[in-house]
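1. okay, predicted coordinates and the sequence, questions at the end:
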Amino acid sequence: MIKKITLSFLLLASLVVLSGKVLADTLISIEISNPADRTEYVVGEGLDITGLEVTGHFLGEDGYDAPVAITEANISGFDSSAPAVDQVLTITVGDQTTTYTVVVVAATVIEEVAPRRSSSGGRSSSAPAVLGATADIEGQVLGATTDTATSTFKFNVDLRVGSQGADVVALQERLRAEGFFIYPTSTGYFGPITLAAVKAYQTAKGIPFITGFVGPLTRAELNK
């Protein structure tokens, strides 16, 4: 009888140990600990997860966190066949998921439609501006400072590729005033030139994530 009780106790102890090990290895959630270097793509480009780091939270007696290996096979939702804003990519590890967003821009996105001069010296119909052009249009000097009123503009909304309107105009004028936006006119359209200017601004100001997205951190810096 004593031998039977002893064996039962040892068996129970073994199950507890095994149970603890199983629980210790149970993944209960994942989160992005370092974003991917690229969150903006041109139509036709492939997914690039360089820099992406994911941390797993594991269940156990005390619980613990550990890096989780990620490959492109873990990511779904990427489609660069057409332009897209805030395309949601899902990272899946086991039964756990987390997400992040990317933007896809057209390969021939035009930053603006700039006026051109007719042979008579007046203005004719508008012609598409060349992406990345550095010509001095309408006598404007590239990188010239703008009206000081732009420094008093308060940025209260998030801005990204595809955004349009007065907030984008103010953003472009502010970036030009600080030497980051090289396009000769403020178009009010957030295209690839504006995207590059925002990234340069974020780098210069020491903003942690160089994404080109004008979110709370970048807006706080612009509003200083």
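-> Perfect, I can see it now. Owing to the predicted nature of the structure, the values given are computational and were not obtained by experimental measurement. Numbering: from 1, shown residues only.
2. helix or strand next in line after the helix or strand where Tyr41 lies, which one?
-> Using DSSP states H and E, Tyr41 maps to strand 40-42. Counting by DSSP H and E, the next helix or strand C-terminal to strand 40-42 is strand 53-59.
3. which positions in that following strand come out as buried?
-> Using 16 or more other C-beta atoms under 10 Å as the test for burial, strand 53-59 gives Val54, Gly56, His57, Phe58. All C-beta spots, glycine's among them, are computed from the backbone N, C-alpha and C.
4. now swap in stretch 38-57 and tell me
-> Within stretch 38-57, judged by 16+ other C-beta under 10 Å, the buried ones are Thr39, Glu40, Tyr41, Val43, Ile49, Leu52, Val54, Gly56, His57.
5. for the third one, list each beta-bridge partner.
-> To tie it back to what came earlier, the one meant is Tyr41. Beta bridges link Tyr41 to Val104, judged by DSSP bridges.
6. gap between it and Ala69?
-> Tyr41 is 23 Å from Ala69, where distance means C-beta to C-beta, to the nearest Å.
7. the domain parsing of this structure - what is it?
-> The chain breaks down by automatic domain parsing into domains covering 2-105, 113-222.
8. that older thread, out of the buried residues of stretch 38-57, which two are the most distant from each other?
-> Within the buried residues of stretch 38-57, Val43 and His57 form the most distant pair, 36.2 Å apart (C-beta to C-beta).
9. listing request: residues of this structure with sub-threshold pLDDT.
-> For the chain, the stretches with pLDDT under 70 are 1-24, 107-151.
10. hmm, try it at 50
-> Within the chain, the stretches with pLDDT under 50 are 2-24, 108-120, 122-149.
11. what's the end-to-end length of stretch 30-42?
-> Length of stretch 30-42, first residue to last, C-alpha to C-alpha, to the nearest Å: 28 Å.
12. how about Pro208, what does it touch?
-> The contact partners of Pro208, taken as C-beta atoms under 8 Å, 6 or more residues apart in numbering, are Leu217.
13. list the contacts of the residue lying closest to Asp25 once chain neighbours are set aside.
-> Excluding its sequence neighbours, the residue lying closest to Asp25 (C-beta to C-beta, 6 or more residues apart in numbering) is Phe58, at 6.5 Å. Taking C-beta under 8 Å, 6+ apart, we find Phe58 in contact with Ala24, Asp25, Thr26, Leu27, Ile28, Tyr64, Asp65, Ala66.
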